[in-house]
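*Asks:* pasting the sequence and the predicted coordinates here, then a few questions.
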Amino acid sequence: MEAHETFEHDVLIIGAGGAGLRAAIEASATGLKVGLVCKSMLGKAHTVMAEGGIAAALANVDERDNWKVHFSDTMRGGHYINNWRMAEIHAKEAPDRVRELEAWGAVFDRTKDGRILQRNFGGHKYPRLAHVGDRTGLEMIRTLQDHGIHQGIDVHMEVTVAHLLKDGDRISGALAYDRERGRFRVFHAKAVVLATGGIGRAFRITSNSWEYTGDGHALAYNAGADLVDMEFIQFHPTGMVWPPSVRGILVTEGVRGEGGILLNNKGERFLFDNIPDNYKAQTAADAEEGWRYVLGDKDAHRPPELLTRDHVARCIVEEIKEGRGSPHGGVFLDIAWIKEKLGNAEEHIKRKLPSMYHQFKQLAGLDITKEPMEVGPTTHYVMGGVLVEADTQMSTVPGLFACGECGAGINGANRLGGNSLSDLLVLGQRAGQYAARFAKDKGDTRVDMEEIDAAKREALAPFQRPVPDAGNAYRIQYELQDAMQDLVGIVRNGEEMEQALVKIGELKEKAEKVGAVGNREYNPGWHTVLDLQNLLMVSEAVARSALERKESRGAQFRVDYPEKSEEWGKYNVTVRRGPDGAMQIDRIPIPEMPAELQEIITEMG
Amino acid sequence: MAKTKFKIWRGDGKGGEFEEYSTETSGGMVVLDAVHQIQAESANDLACRWNCKAGKCGSCSAEVNGMPKLMCMTRLDELPLEEGVTIEPIKTFPIIKDLVTDISWNYRAKKKIKPFKPRQPDNEDGSWTFYQEDIDRVQEFRKCIECFLCQNVCHVLREHHLEEEFIGPSALVYTAALEMHPLDTEDRLEDLKKANGIGYCNITKCCTQVCPEHITITDNAIIPLKERVVDRYYDPVARIWSKLTKRS
C-alpha cells in the first residue's frame, strides 16, 4: 500500500464551520495540540450562509426575555422531544457565547442605547436574534476564523476525512485525503470532534452546498456510534423558486422578521387561517396587530408568518397544491408592502436585508423593495444526527464527540431559526472543552495499519472500476435526490417511503460499481463517488426513521398518520449499524424532565 | 433551451489549454450552473471551487470572458452567448488544476496583520457600549467575502508579484476594519508602512471596480489608512513634535 503522511494531534476537529472552529478554539486554549480539518478553504463552510441571526436571551430589546423563555420556546418548537438538558444548557449559555464573539471582534448591529440589537424570528416569543443585517453567519465565521488563526491550531484546508480509526472501542484518529493531490493523511488523535454539518445534498431542492453530504453522520455510523432523530429534516419555508437554476437558495426568515408577509395568488395572507392551537395565544389576531408587533409594541402578538418553520412550510405546500400558488410553483413573500407603513421603506429594506436585495436583483432581476418575491420550501437543515451526551457532547463511542448540525438532540422535531448559530457556539465550546479533557485523562491511542490500508483501498476503489458511462456518479446522486425529494419530503406516507428504500437499495448497488475518470488530483468526479456512499447511508437512515415514527410531529408530516401521538412523544428513534452490517432502527425513551424545567414550561403556557 | 459553447481552461501548474464544451443553457442560468452541467455530462474531473452558489462565500472566483467574476453571480443572459463563453482561472495565483488556484498566500498575508485587541469591557457583563454610527464604516469592510478578486486585479500582485512586500487590497480592507473598530487598541501603522507595504498601492481603484460586495476599497479603506501612515511618519509638524517630546 502507498505511503501516507501522519499528523499527531491531541484533539482532531473535523469540520471548520462555526461549531468546529469554536470547538478548536476551546480545545486549543487548554494547551493541547489541535488539528482542524476543513473540506473547503477556511472560512467558506456553510455557516457563512446563515443570514438571520444568533438566538440568545440577552434581553437588550425586550427586558422580559430570559433563558427560561428561550428554553421554553425551543422545547415548544421541537414538540417536546428535544433533549431538555441540551436545550437548558443552550438557553443559559448562549448570551455569554454571543458576548464572547463581540470580545473577539464581531460587529453586531446596535440598539439606540449602544447594545447588541436583536430581531424577531419564527417561534421566538421576544426579539432575540443578534444580527448583522442579513449576513450574520459571515460575521460569525469570520470572527471565529480571525481569532482562531492566532491560537496555534493546525489547519488542514481542502482535506476530506474518509474513515475514522479505532483502537478497540475508542476512537484513535482518521484517514483523510487532500483535495489538491489526492494523497492520504493519517491523523492520529486522542479525541475526535465531528462538526461536519448536514445532509442537504440528499434532496433535489436544497439551500445546502456540495459539502453537505452527511459525512459526519456516516463516519460516526460506520464507527459504531448511534444516530438519533434522523426522520426530522427541516424544510425552510422560503427558498427561491425562479429562475430554475436558483431554486432552493435561501431567503432569510429575517424578511418576515422585518414585516414580510406571505400571500397566495388571491392576495390572501393564508397563514391567518392556519394557526396551530398551541400557538394561538401567542399569535396576532389580525394584520394590524402583527404590524404593531414588528414595530416593537410589547402588547402585540407576533404575525402568523413567524410561526415555526415546519408549520409555515406545510401551509405553503398546501396553498400550492390547492392551486393558489404563484406562477412558478411557490407563493408570494412581500416586504415591499411596508412602504404603506414606513416613509423610508426602500432604504430600510436595503439596510436590514442587503444581501436579499442583492440576491434577487442579480439572480432574478427583481427589486424586493418594489415587488413581491416568489418563494417555496427548500431542504435546509437536519435536526437528527449523532446521539451525544448533553453536557459533554460525547457520542456512544468513547473519544468521539459531535456538535453543530451533525450532532443532535437540542432541536427535537423542529429547529427554531437562529438556534443553530447559538447551538454551534454553545455546544461547540462544550465539545472542545470535553474532548480536551478526555484526551488529557485517557492518554494515547494506537492506530491500526491494517485498518488504514483497508480504508485506503476503499477510497481508491473507484479508480479500479470500469467507467461505462462518464456521467454515472453524478446521475446516481440526482436519482437519489429525486427519490428523497418526492418520496421522503415534506409530506410523507408509508408506501412511498417503502418505495424510496427500494430505490435506495438499487442505487447502492449501482454506486458500488461506479468508477472515477482522470487522476487523483483535484478530481470532483472521484470525490462525488466517495461522497455518494455517505449520502446513501444518511438517506436510508432518514427513510427508515421516518417509517418507524408512526405519527406527525414537527418536521415529519405523514398523511397515513396525520395526528400527533402522545405515545410517540415519549421516544426518540435511533439508528445503528448492526453486527451484520444492516441498519438497525430502535427507539429510546426520553428521560423524565426535572420538576424545575417542567414548571418553566407550564408557567410559559 | 439552446446549446451554448464554452471554452474552459484545462490543465495544471505545468501548462494547459482551452477545451471546448457545449451544453444546454436557459434563461436565468449562471456561469457556475453551466460549469456544473459540463462537469456532470462530459468532464467529471473538471476542477472548480464553489460552496454557497449565492455570492456569500467567495469560492468560485474566475475570469469569465476575461473579466474577474464570481461564477455564481454571473448570469449567462448578460453575456454575448453567440460567441461562446470563455472561463479561465484567476491569473495572479499559481494554478493547481483547471479553474482552481493556490490562494494560500492570501491566508498568510492576512495572518501577518496584528489581531483585534479590544479595550477593557465597559460593562460588568463583559460587554461594551457603542453606537451604530460608530460602526457603519467598519460593517462595510466586514462584508468582505474573501473572494480575492481584488487581490487578483491589483497590479502590484498581478504584474509585479510583490507578495513579500505588499499584503494586497483585501488584507488592507481587513486592516481598515480593525483600525476603525471602535473598541480596538492595537497599533498597526508601522506594519502598514513597512512589512505590509501600503505605499505600493497607487490608488488605481481596480480593486474597487471588481468587488462583488461593492466595498469602496480604495476610497474608504486604503486612502484613510494611507493618511494615517502619512500623518504619523511624514507630517513635518508631527515629526518635530515627536522628537521634542521624546527629548523631554
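*Replies:* Looks like it came in fine.
*Asks:* how about residues contacting the strand or helix carrying B:His36?
*Replies:* Using DSSP states H and E, B:His36 maps to helix B:31-41. With CB atoms under 8 Å, 6 or more residues apart in numbering or on different chains as the test, helix B:31-41 has contacts from A:245, A:470-471, A:474-475, A:478, A:524-525, B:4, B:6, B:8, B:21, B:23-25, B:46, B:48, B:50, B:53, B:60, B:62, B:64, B:69, B:71-72, B:74-76, B:79, B:85, B:87, B:99. Every C-beta, even on glycine, is put in place using the N, C-alpha and C of the backbone.
*Asks:* C-terminal to it, what's the next element?
*Replies:* Using DSSP H and E, the first helix or strand after helix B:31-41 is strand B:61-64.
*Asks:* name the helices or strands packed onto the next helix-or-strand element following that next one?
*Replies:* Under the assignment DSSP H and E, the closest C-terminal helix or strand after strand B:61-64 is strand B:67-70. Strand B:67-70 sits against strand B:61-64, helix B:149-153, with contacts defined as 3 or more CB pairs under 8 Å, 6 or more residues apart in numbering or on different chains; DSSP states H and E.
*Asks:* for B:Thr25, give me its contacts.
*Replies:* Contacts of B:Thr25 by CB under 8 Å, 6+ apart are B:1-4, B:34, B:76, B:81.
*Asks:* can we see that at 6 Å?
*Replies:* B:4, B:76 (CB atoms under 6 Å, 6 or more residues apart in numbering or on different chains).
*Asks:* could you measure from it over to A:Trp210?
*Replies:* 21 Å (CB to CB, to the nearest Å).
*Asks:* then B:Leu149?
*Replies:* In terms of CB to CB, B:Leu149 sits 21 Å off from A:Trp210.
*Asks:* now do B:Cys154
*Replies:* Taking CB to CB, one finds B:Cys154 at 29 Å from A:Trp210.
*Asks:* same thing with A:Met484?
*Replies:* Taken as CB to CB, the span from A:Met484 to A:Trp210 is 16 Å.
*Asks:* what residue is smack in the middle of the chain?
*Replies:* No chain in the question, so chain A it is. Nearest to the mean C-alpha position of chain A, by CA atoms, centre = their mean, lies A:Tyr381 at 3.6 Å.
*Asks:* meant chain B, my bad for not saying
*Replies:* Chain B has B:Phe148 as the residue nearest its centroid, 3.0 Å off, counting by CA atoms, centre = their mean.
*Asks:* need the residues of chain A near chain B, please.
*Replies:* A:40, A:43-44, A:48-49, A:99, A:105, A:107, A:110, A:114, A:149-150, A:180, A:209, A:243, A:245, A:249, A:362, A:470-471, A:474, A:517-518, A:521-523, A:525 (CB under 6 Å from any CB of the partner chain).
*Asks:* tell me which other helices or strands the one helix or strand A:Glu318 maps to touches.
*Replies:* Element membership for A:Glu318 (DSSP H and E) is helix A:309-321. If you count contacts as 3 or more CB pairs under 6 Å, 6 or more residues apart in numbering or on different chains; DSSP states H and E, helix A:309-321 packs onto strand A:233-240.
*Asks:* for the helix holding A:Glu318, buried residues please.
*Replies:* Neighbour-count burial for helix A:309-321, counted by 16 or more other CB atoms under 10 Å in any protein chain shown, picks out A:309-320.
*Asks:* element containing B:Ser170?
*Replies:* Judged by DSSP H and E, B:Ser170 forms part of helix B:169-179.
*Asks:* CA atoms only: put that helix into PDB for me.
*Replies:* Coordinates of each C-alpha in helix B:169-179 appear next as PDB, following Å, rounded to 0.1, in the frame of the first residue of the first chain:
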ATOM      1  CA  PRO B 169      -6.300  45.200  -1.100                       C
ATOM      2  CA  SER B 170      -8.400  42.500   0.700                       C
ATOM      3  CA  ALA B 171      -5.900  42.400   3.600                       C
ATOM      4  CA  LEU B 172      -5.900  46.200   3.700                       C
ATOM      5  CA  VAL B 173      -9.700  46.200   3.900                       C
ATOM      6  CA  TYR B 174      -9.300  43.800   6.900                       C
ATOM      7  CA  THR B 175      -6.700  46.100   8.500                       C
ATOM      8  CA  ALA B 176      -9.000  49.100   8.000                       C
ATOM      9  CA  ALA B 177     -11.900  47.200   9.700                       C
ATOM     10  CA  LEU B 178      -9.600  46.600  12.700                       C
ATOM     11  CA  GLU B 179      -8.100  50.100  12.800                       C
END
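*Asks:* what residues of that helix count as buried?
*Replies:* Using 16+ other CB under 10 Å as the test for burial, helix B:169-179 gives B:169-179.
*Asks:* now stretch A:238-247
*Replies:* A:238-243, A:245-247.
*Asks:* looking at it now, give me its mean pLDDT.
*Replies:* Confidence over stretch A:238-247, taken as the mean pLDDT, stands at 92.
*Asks:* sorry, back to before: make CSV from the buried residues of helix B:169-179 and add distance to A:Ile335 and pLDDT to it.
*Replies:* Formatted as CSV, those follow (distance: CB to CB, whole Å; pLDDT from 0 to 100):
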residue, distance to A:Ile335, pLDDT
B:Pro169, 33, 98
B:Ser170, 32, 98
B:Ala171, 36, 98
B:Leu172, 35, 98
B:Val173, 30, 98
B:Tyr174, 32, 98
B:Thr175, 35, 98
B:Ala176, 32, 98
B:Ala177, 29, 98
B:Leu178, 34, 98
B:Glu179, 35, 98
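*Asks:* tabulate the residues you listed (a markdown table), appending distance to A:Gln533.
*Replies:* Shown next, in a markdown table, are the buried residues of helix B:169-179 (distance: CB to CB, whole Å):
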| residue | distance to A:Gln533 |
| --- | --- |
| B:Pro169 | 42 |
| B:Ser170 | 37 |
| B:Ala171 | 39 |
| B:Leu172 | 44 |
| B:Val173 | 41 |
| B:Tyr174 | 39 |
| B:Thr175 | 44 |
| B:Ala176 | 46 |
| B:Ala177 | 42 |
| B:Leu178 | 43 |
| B:Glu179 | 48 |
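*Asks:* which residues does B:Arg228 contact?
*Replies:* Listed by CB under 6 Å, 6+ apart, the contact set of B:Arg228 reads B:Leu189.
*Asks:* circling back: ok, of the buried residues of stretch A:238-247, which one's closest to chain B?
*Replies:* A:Pro243 (2.3 Å; CB to the nearest CB).
*Asks:* get me the contact residues on chain B for chain A.
*Replies:* So chain B meets chain A at B:28-29, B:33, B:40-41, B:44-45, B:47, B:51-52, B:54, B:56-57, B:59, B:73, B:96-97, B:100, B:111, B:115-116, B:126-127, B:129-132, B:135, B:138-139, B:142, B:146 (CB under 6 Å from any CB).
*Asks:* filter the residues you listed down to the buried ones.
*Replies:* By 16+ other CB under 10 Å, the residues of chain B next to chain A give B:28-29, B:33, B:40-41, B:44-45, B:47, B:51-52, B:54, B:56-57, B:59, B:73, B:96-97, B:100, B:116, B:127, B:130, B:135, B:138-139, B:142, B:146 as buried.
*Asks:* of A:Met484 and A:Trp210, who's got more company?
*Replies:* Using other CB atoms under 10 Å in any protein chain shown as the criterion, A:Met484 and A:Trp210 rank with A:Met484 on top: 26 against 18.
*Asks:* helix, strand or coil: sort out that one for me.
*Replies:* Under the three-state scheme (DSSP: H, G, I helix; E, B strand; the rest coil), A:Met484 adopts helix.
*Asks:* can you list the domain ranges for chain B.
*Replies:* As given by automatic domain parsing, the domain ranges for chain B are B:2-101, B:104-237.
*Asks:* and for chain A?
*Replies:* If you go by automatic domain parsing, chain A breaks into A:237-379, A:461-589.
*Asks:* off-centre distance for the shortest one?
*Replies:* Here the centre of mass of C-alpha atoms in domain A:461-589, compared against the chain's by CA atoms, centre = their mean, to the nearest Å, lies 17 Å away.
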